[in-house]
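K.L.:
pasted the sequence and its predicted model underneath.
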Amino acid sequence: MRVLIVEDEHRIANSIKKGLEQEGFAVDVTYDGEAGYDLAATEEYDAIVLDLMLPMLDGITFCKNLRREKIHTPILILTAKGQIQDKVTGLDSGADDYMVKPFSFEELLARIRALTRRPKTSLETSLTVRTLSLNPRTFEVERSQKSIQLSSKEFALLEYLMRNANKIVSKDQIIAHVWDYDSDILPNTVEVYIKSLRTKIDLPFKNEKSLIQTVRGFGYKIE
């Protein structure tokens, strides 16, 4: 999953980025409201972590403008402003959740995961497609009760495919959700990772139908 962090305190932003990347997220960071808004309005994200007191464009205006444009990416406000009225204003502007600094990274991670499980994604802890199951919290993957070991990027790719089970997703959609904005992605990178996934979740199970399908000229789907 892909997360955007808009936070002008570099130390906090980079610390969150590092922590989320260790949990398998693709993460983009901007340090002012305008740059963050440009990314949020043009790129696809599964969640946004947003400070309120930002240079160039404040967090409240950021939220209102994004919602006015009918962009419904979940937003978690992370700020030092902890008064009740601040929370009410933040949530009324279109944010989905609100945390006050200082904060626990474990709680931040749990809240981001909760936001990404809301309506447009699965509400269940585990994702299942036929005999294949994936647990986003424990990073466990099994097929026919046999454990499968994946790299963090393979896991992120498989999770995205499973959250869009039976839908065709293009290479561009996969790159937008699995890799961050600054990643140097070669044209065949997605093909390489799809092939790697197939060798782990399809090839060893010769008595079962292959799960990952290539749709020529369009992309891939898992069914």
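P.N.:
Arrived safely. Computed from a predicted structure; not experimentally measured.
K.L.:
low-confidence ranges, this structure, go.
P.N.:
For the chain, applying pLDDT under 70 flags the ranges 118-125, 187.
K.L.:
so residue 46 is in contact with residue 3, correct?
P.N.:
Yes. Contact criterion Cβ atoms under 8 Å: residue 46 and residue 3 qualify, at 6.4 Å. Heads up, the C-betas are built off the backbone N, CA and C, glycines and all.
K.L.:
more crowded one of the two?
P.N.:
Comparing residue 46 with residue 3 by neighbour count (other Cβ atoms under 10 Å), the higher total belongs to residue 3, at 26 against 20.
K.L.:
name the residues that touch the host helix or strand of that one?
P.N.:
Using DSSP states H and E, residue 3 sits within strand 2-6. With contact meaning Cβ atoms under 8 Å, 6 or more residues apart in numbering, strand 2-6 is reached by 13, 16-17, 20, 25-33, 35-37, 39-40, 43-51, 54, 59, 62, 73, 112, 176-180.
K.L.:
show me where the chain has its helices.
P.N.:
10-22, 33-42, 59-68, 84-92, 105-116, 152-163, 171-178, 189-201 (DSSP state H).
K.L.:
turn the ones you listed into TSV, including mean neighbour count.
P.N.:
Converted to TSV, the helices of the chain look like this (neighbours: other Cβ atoms under 10 Å):
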stretch	mean neighbour count
helix 10-22	15
helix 33-42	18
helix 59-68	19
helix 84-92	14
helix 105-116	16
helix 152-163	21
helix 171-178	19
helix 189-201	16
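K.L.:
export those helices to a markdown table and tack on distance to residue 212?
P.N.:
As requested, the helices of the chain are exported to a markdown table (distance: least, Cβ to Cβ, whole Å):
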| stretch | distance to residue 212 |
| --- | --- |
| helix 10-22 | 25 |
| helix 33-42 | 29 |
| helix 59-68 | 34 |
| helix 84-92 | 40 |
| helix 105-116 | 22 |
| helix 152-163 | 7 |
| helix 171-178 | 12 |
| helix 189-201 | 5 |
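K.L.:
and stretch 142-156, how far out from the chain's middle?
P.N.:
18 Å (Cα atoms, centre = their mean, to the nearest Å).
K.L.:
domains for this structure, by residue range?
P.N.:
2-116, 127-222 (automatic domain parsing).
K.L.:
do I have it right that residue 40 meets residue 71?
P.N.:
Yes. Judged on Cβ under 8 Å, residue 40 makes contact with residue 71 at a distance of 6.9 Å.
K.L.:
coming back round to it: closest one to residue 144 among the helices of the chain?
P.N.:
Proximity to residue 144 (Cβ to Cβ) singles out helix 189-201 among the helices of the chain, at 10.4 Å.
K.L.:
which elements pack onto that closest one?
P.N.:
In terms of contacts (3 or more Cβ pairs under 8 Å, 6 or more residues apart in numbering; DSSP states H and E), helix 189-201 is packed against helix 152-163, helix 171-178, strand 212-215.
K.L.:
adding distance to residue 106, write the ones you listed out as JSON lines.
P.N.:
Output for the helices and strands packed on helix 189-201, formatted as JSON lines (distance: least, Cβ to Cβ, whole Å):
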{"stretch": "helix 152-163", "distance to residue 106": "19"}
{"stretch": "helix 171-178", "distance to residue 106": "24"}
{"stretch": "strand 212-215", "distance to residue 106": "33"}
